[in-house]
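Colleague: Based on what follows, work out the 3D shape:
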Amino acid sequence: MRPTDRSSAGLGAAFALCARSSAALLAIAVIGTGCAEKKKPRVPTEQEIHSRDFETASRVRGRHLYACDNREPLFVDFRDNGLTLELRREEQGPVQTLSAPSQGLQYVGETSSATMTGNELQLVDAQGRTRVCRKR
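Modeller: Presented below is the predicted three-dimensional model:
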């Protein structure tokens, strides 16, 4: 046997060992990924729930009827997964739009703002007058 034959045989064995080690590491990585903890589904917020359903005869998705403390009705359309509110005093009336940057934060519009707690919507106009409306 020539010296080059021995070194070739040694390289072949080293290559085979390296290939087996790589395959073993890959198998461990695949198994480890399969055992990773699954993320629990997040509970939807009140706004997200409202944006998917409807409660008025018009059957407009996301529309809910609120009764305000001044005895006026308020039609509230929840849009954009609850990040946008469209407010109307009449079902087909003019729209006032308020938006929030994230769930649970204050909605802000050009002339008013609103906060939502459960089924209660508190509206504050530009003059600082507060109106509380509750979902019927």
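Colleague: So for residue 114, what's the nearest residue that isn't a sequence neighbour?
Modeller: Beyond its immediate neighbours in the sequence, the residue positioned closest to residue 114 (C-beta to C-beta, 6 or more residues apart in numbering) is residue 107, lying 4.3 Å away. Where C-beta positions appear, they are placed from N, C-alpha and C, glycine not excepted.
Colleague: Could you give the number of residues near that neighbour?
Modeller: By the measure other C-beta atoms under 10 Å, the count of residues near residue 107 is 22.
Colleague: In contact with it, which residues?
Modeller: For residue 107, the residues meeting the contact criterion (C-beta atoms under 8 Å, 6 or more residues apart in numbering) are 85, 98, 99, 100, 113, 114, 115, 116.
Colleague: pLDDT score for the residue nearest to residue 69 when sequence neighbours are not counted?
Modeller: Closest residue in space to residue 69, ignoring its immediate chain neighbours: residue 132 at 4.9 Å, by C-beta to C-beta, 6+ apart. Listed pLDDT for residue 132 reads 97.
Colleague: What of residue 63?
Modeller: pLDDT for residue 63: 88.
Colleague: these two touch, right, it and residue 73?
Modeller: No - the pair residue 63 and residue 73 fails to qualify as a contact (C-beta atoms under 8 Å) at a distance of 11.9 Å.
Colleague: circling back: name the member of the contacts of residue 107 with the most neighbours.
Modeller: residue 85 (26 neighbours).
Colleague: which one of residue 63 and residue 73 has more residues nearby?
Modeller: residue 63 (22 against 14).
Colleague: how near is that one to residue 91?
Modeller: Using C-beta to C-beta, to the nearest Å, residue 63 is found at 8 Å from residue 91.
Colleague: Over to residue 112?
Modeller: From residue 112 across to residue 91, the span is 20 Å (C-beta to C-beta).
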